[in-house]
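Participant: Next comes the sequence, and after it the predicted model I'd like to discuss.
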Amino acid sequence: QVQLVESGGGLVQAGGSLKLSCIASIRGFSSYAMSWFRQAPGKEREFVAVISQSSDNTYYADSVKGRFTISRDNAKSAVYLQMNSLKPEDTAVYYCAARTYYSRTYHQGYNYWGQGTQVTVSS
């Protein structure tokens, strides 16, 4: 059974940091590109960041560029999202997702999704 399990969310003050983790029980994890998405209350889910299978390519939404860093550890079947300089507008449920190919601009066609972890940034 394929599972993506996110953790690391919580409540933080503006300007603070959090690191999200996503542990995947996917056979052949290293063959999947991994992404983070988020969904704020009343808003559509939006793309945050993507990392290629071998970590040689990453891409970020403009809203998080320079503040967030995506990384992965294929030996641990894990993907991470380091979030610095957090803003209240970063408040959302954050999801990790897996797809068999890497793309910087096409943010659909994901094979697997996690259940999400809540991030709340207070002002």
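Facilitator: Done, it's in. Numbering: from 1, shown residues only.

Participant: center of this structure - which residue?
Facilitator: In the chain, the residue lying closest to the centroid (Cα atoms, centre = their mean) is Trp36, at 2.3 Å.

Participant: Please check which residues sit opposite that one as beta-bridge partners.
Facilitator: Ala49, Cys96 (DSSP bridges).

Participant: I'd like the distance between it and Thr69.
Facilitator: Between Trp36 and Thr69 the distance is 11 Å, computed by Cβ to Cβ, to the nearest Å. Where C-beta positions appear, they are placed from N, C-alpha and C, glycine not excepted.

Participant: what is in contact with the two at once?
Facilitator: Common neighbours of Trp36 and Thr69, using Cβ atoms under 8 Å, 6 or more residues apart in numbering, are Leu81.

Participant: Would you map the strands across the protein?
Facilitator: For the chain, the strands defined by DSSP state E occupy 4-7, 10-13, 18-24, 33-39, 46-51, 58-60, 68-73, 78-83, 92-99, 112-113, 117-122.

Participant: so where's the protein uncertain?
Facilitator: When residues are selected by pLDDT under 70, none of them lie in the chain.

Participant: go again using 90 as the cut-off
Facilitator: Filtered on pLDDT under 90, the chain yields the residue ranges 1-2, 105-108.
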